[in-house]
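**Student:** predicted structure and sequence below. I'll ask about it afterward.
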Amino acid sequence: AQSVTQLDSQVPVFEEAPVELRCNYSSSVSVYLFWYVQYPNQGLQLLLKYLSGSTLVESINGFEAEFNKSQTSFHLRKPSVHISDTAEYFCAVSSSGNTPLVFGKGTRLSVIA
Amino acid sequence: EADIYQTPRYLVIGTGKKITLECSQTMGHDKMYWYQQDPGMELHLIHYSYGVNSTEKGDLSSESTVSRIRTEHFPLTLESARPSHTSQYLCASSEEGTGANVLTFGAGSRLTVL
């Protein structure tokens, strides 16, 4: 069965500093990878996804993630964070369109003014 | 604008009560899911459905039950709530045939059992 490891449970960072949230998944022949974000008292929202093609995927609010097959990683990065980026970030994986997503434990990003 | 709705958002009840958490989506999605979320833990899949009259248990053992009589509706029921059921329950849906399960989540139902 697939599994996801998010290595950091909490990441504090100052505003306008860069950030990387780490995600590793268990190996599989092919995978679909996702990052979801959860703001306080809300459900999860899709941030970005890798399905196929270019290994670098971007979101509309400046986040990007790179699929690295050899390292089985899908780390999330942003070059300059804002206060509004404070949230919980979940990495998820599935090995096919017919298998439900498996989520990591989440990383709480706290942006400090 | 949310296309998947969960009610109630917050519920505090006593032990032994029967409760139903409602989930409805207006997107016509075939696939629907219930996840349980506790602080600092993975989201655990407890039930899913790939269409009307189809339900499956997820990877986390749960005393809850679900039904899927209509495409848009996927309620979760606890016959006799206990304090161990205190958690946040997230409903989600995804479209058939996208090649990957891109989920749309509801806002969640936070259940507290006293």
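**Tutor:** Good, I have the coordinates. Residues are numbered from 1 along each chain as shown, chains lettered A, B, ... in the order given.
**Student:** spatially central residue in chain A, please.
**Tutor:** residue A:35 (3.6 Å; Cα atoms, centre = their mean).
**Student:** just checking, that residue touches residue A:78?
**Tutor:** No: with contact defined as Cβ atoms under 8 Å, residue A:35 does not count as touching residue A:78 (11.0 Å). Placement of C-beta: from N, CA and C, glycine included.
**Student:** hey, what's in contact with both of the two?
**Tutor:** Shared contacts of residue A:35 and residue A:78, defined by Cβ atoms under 8 Å, 6 or more residues apart in numbering or on different chains, are found at residue A:63.
**Student:** can I take it that residue B:84 is in a strand?
**Tutor:** No: using DSSP: H, G, I helix; E, B strand; the rest coil, the assignment for residue B:84 is helix, not a strand.
**Student:** thinking again about what came up before, so the residue nearest to the centre of chain A belongs to a strand, correct?
**Tutor:** Yes: counting by three-state DSSP, residue A:35 is found in a strand.
**Student:** mind listing what it touches?
**Tutor:** So residue A:35 contacts A:23, A:46-49, A:59, A:63, A:65, A:74, A:76, A:89-92 (Cβ under 8 Å, 6+ apart).
**Student:** skip the chain neighbours and tell me the closest residue to it.
**Tutor:** Excluding the flanking residues, the one nearest residue A:35 by Cβ to Cβ, 6 or more residues apart in numbering or on different chains is residue A:47, at 4.4 Å.
**Student:** host element of the one you found?
**Tutor:** Here residue A:47, judged by DSSP states H and E, is contained in strand A:44-50.
**Student:** swap in residue B:32?
**Tutor:** Element membership for residue B:32 (DSSP H and E) is strand B:31-37.
**Student:** hmm, that strand touching chain A?
**Tutor:** Yes: using Cβ under 8 Å from any Cβ of the partner chain, strand B:31-37 reaches chain A at B:33, B:35.
**Student:** residue A:39 touches residue A:87, doesn't it?
**Tutor:** Yes: using Cβ under 8 Å, residue A:39 is in contact with residue A:87, at 4.9 Å.
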